[in-house]
Every structure is written in structure tokens, then in C-alpha cells.
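S.K.: structure of the sequence below:
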Amino acid sequence: AVVSTQSGHYGREESKLKKKHRKILAKLEEIQGELNCHYYFNVKINCGIPVLSNYIEERLNARQKFPDIQDVRRLIERGLKECKISMKEKKIKTLAKQVFLDAGSQIQNHRKTELKLDGGFHLMDQVDITKDPAKEDPVLRKKLQKNKSEAKRQ
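M.R.: So this is what the prediction gives:
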């Protein structure tokens, strides 16, 4: 017989463990003086130029906020200038797009994995991370399409 983890004794035990987990994370954040330490990510970038890759990684990981494509482009331009490397404008544009997509993919995968492992919150028990919210929300879909077309123009 299959035992449901959402009902009965097992569901209550799971709920208790999640509450303990949230308390531990909150205490860890308090001790470290950080907020949302469980959303920490470490992006690895390989743009073919090790010095530039390290420069971009350090800056992206330090900010702990998802960058937009303009941020990535400015970061690449500053990195090239600091490393005294010349690159054509078209190559910078292509590289910015590649780094942006790669970083976004890594962050998204990290958060999906974290959500699967942790759940972290009892309200998330019913969330299906394979379901695309943009299919059901026309405002979100429109915003994502706008961002996509803007990224293509870059």
C-alpha cells in the first residue's frame, strides 16, 4: 500500500520537520547577519578567457541578484578594460548574451533543485515546479515576451 505523506501521521511529522528547518535557517541568517542565505548561488562562467571569466564570476556572485543583460554587458566591458583585452562590439554583444543565458540557467537550476530538496515552506507542498506560470498568466507571459524580444535586439 502507498502511504500519503500529505495526510495523517506522516504529514504532521513532515510539517514539524519543515518548521524546524525554517527555524534553523532563520537562526543561521541571524548569526551570519544575512538575509535569504538559503538563496545563495554560485555562478560558474566560462567565456573562453579565464581572466575575464573569473572577473565576471566574482562580480555576479558578489551581488547575489539576478543581472539583466545590460548589467552583464557593462560587466564584460569593464572586465575587458581592466584586463586590457580588446574585443569587437559584435563579439561583446554575443558574449553578453551567452553569459546572461548561462548565468540565468544556473541560477534557475539551483533554485529548482533547492526547492525540490527543501520545500522550505509548507505552502510550497502543493506547488508543481514543472508547471509554467506564464501559460496561465497573460500579464507575465507578455512581460516575458517583451524581455525576450528586448534581449534579441541586444
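S.K.: okay, CA-based contacts and neighbour counts for the rest of this
M.R.: Will do.
S.K.: can you tell me the SS state at Lys81?
M.R.: helix (DSSP: H, G, I helix; E, B strand; the rest coil).
S.K.: now for it, how many residues are close by?
M.R.: Other residues lying near Lys81 total 12 when counted by other Cα atoms under 10 Å.
S.K.: next, count neighbours for Lys23.
M.R.: 12.
S.K.: helix/strand/coil for it?
M.R.: Relying on three-state DSSP, one would call Lys23 helix.
S.K.: now the one 4 residues further on
M.R.: Under three-state DSSP, Lys27 falls in the helix class.
S.K.: where's it relative to Leu75, distance?
M.R.: Counting by Cα to Cα, to the nearest Å, the gap from Lys27 to Leu75 is 34 Å.
S.K.: average pLDDT for the helix or strand harbouring Lys20?
M.R.: Assigned by DSSP states H and E, Lys20 falls within helix 8-32. Throughout helix 8-32, pLDDT has a mean value of 71.
S.K.: with stretch 85-99 instead?
M.R.: Stretch 85-99 comes out at a mean pLDDT of 93.
S.K.: quick revisit: what about Lys27 and Leu75, which has more around it?
M.R.: Leu75 (18 against 12).
S.K.: wait, doesn't the more buried one sit right on Asn54?
M.R.: No. With contact defined as Cα atoms under 8 Å, Leu75 does not count as touching Asn54 (11.6 Å).
S.K.: who touches the helix or strand just after the helix holding Lys20?
M.R.: Moving toward the C-terminus from helix 8-32, the next helix or strand (DSSP H and E) is helix 50-63. If you take Cα atoms under 8 Å, 6 or more residues apart in numbering as the criterion, helix 50-63 is touched by 41-47, 67, 75-76, 79-80, 83.
S.K.: change it to 7 Å
M.R.: Phe41, Asn42, Val43, Lys44, Ile45, Asn46, Cys47, Leu75, Ile76, Gly79, Leu80 (Cα atoms under 7 Å, 6 or more residues apart in numbering).
S.K.: how far does it sit from the chain's center?
M.R.: Distance of helix 50-63 from the chain centroid (Cα atoms, centre = their mean, to the nearest Å) equals 16 Å.
S.K.: what comes up buried for it?
M.R.: Of all the residues in helix 50-63, those buried under the rule 16 or more other Cα atoms under 10 Å are Leu52, Ser53, Asn54, Tyr55, Ile56, Glu57, Leu60.
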